[in-house]
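Asks: using only what follows, build the 3D model:
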Amino acid sequence: MSKFVLLDRDGVINQRVPDGYVTEWAQFIFMPGALEGLRFLKENGYSAIIVSNQACVGKGLLSPSKLDEITQQFLKEIQAQGGAVCAVYYCPHREEEGCDCRKPKPGLLRRAQAEHHFDFADTLLIGDSESDLQAAHAVGSPALLISNDDTLQFGASPYRPRGVFPDLLAAARFLVEREE
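Replies: Have a look, this model is predicted:
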């Protein structure tokens, strides 16, 4: 049986654009540890699936074809570095559209699960925001958080991650060690 891991894109694989969106390939800058983390996941038998909100499409800042072009370029780069992504799911909608696929709603995760037949309880989501944690919680998927903020407080939050890591490589190592 295949092992899957769900990954947010912006803030996990690539750097976020401050107060904006990645709308050109030149703005797509891999996060430290991202390419190594994707390679490590592949080497340890994990299939990575990206689940990402991309409201820039719904806002008219990026065409669906341009988003696809950027996606194909980063997937090629991931593959060239020894990693792999088996599927990419985007929500192109603006928040006010009220779709069921925009995280924190779990529609993207459910679509990935329907097409790849994994058990949410055995599939971690690695994200960088509360909406990622909420989406994971909604489907019963454990979550890991990528953050360099060591002052994060979760208290009694039901969206508490299993761990907070500085980058995807550290999160991937935790995931593989947890399995052993």
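
Asks: for the lengthiest helix in the chain, buried residues please.
Replies: Residue-count comparison of every helix in the chain, with assignments taken from DSSP state H, identifies helix 64-80 as the longest. Going by neighbour count (16 or more other CB atoms under 10 Å), the buried part of helix 64-80 is 67, 70-71, 74, 78. C-beta coordinates here come from the backbone N, C-alpha and C atoms, glycine included.

Asks: now distance to residue 97 and pLDDT too, for the residues you listed, in CSV please.
Replies: Putting these into CSV (distance: CB to CB, whole Å; pLDDT from 0 to 100) gives the following:
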residue, distance to residue 97, pLDDT
67, 17, 98
70, 22, 98
71, 21, 98
74, 26, 98
78, 30, 98
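
Asks: and the longest strand seen in the chain, C-alpha only, in CSV?
Replies: Across the chain, the longest stretch assigned as strand under DSSP state E is strand 46-53. What follows is the C-alpha trace of strand 46-53 in CSV, where atoms were taken according to Å, rounded to 0.1, in the frame of the first residue of the first chain:
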residue,chain,number,x,y,z
TYR,A,46,6.1,8.5,0.3
SER,A,47,4.0,10.0,-2.5
ALA,A,48,3.6,13.7,-2.0
ILE,A,49,0.3,15.4,-2.9
ILE,A,50,0.1,19.2,-3.0
VAL,A,51,-3.2,20.8,-1.7
SER,A,52,-3.1,24.6,-2.0
ASN,A,53,-5.3,27.6,-2.0
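
Asks: so it versus helix 64-80, what angle?
Replies: Strand 46-53 and helix 64-80 are oriented at 150 degrees to each other (axes from the mean of the first three to the mean of the last three CA atoms, to 10 degrees).

Asks: show me what strand 46-53 is packed up against.
Replies: Judged by 3 or more CB pairs under 8 Å, 6 or more residues apart in numbering; DSSP states H and E, strand 46-53 is in contact with strand 3-7, helix 34-43, strand 87-91, helix 107-116, helix 168-179.
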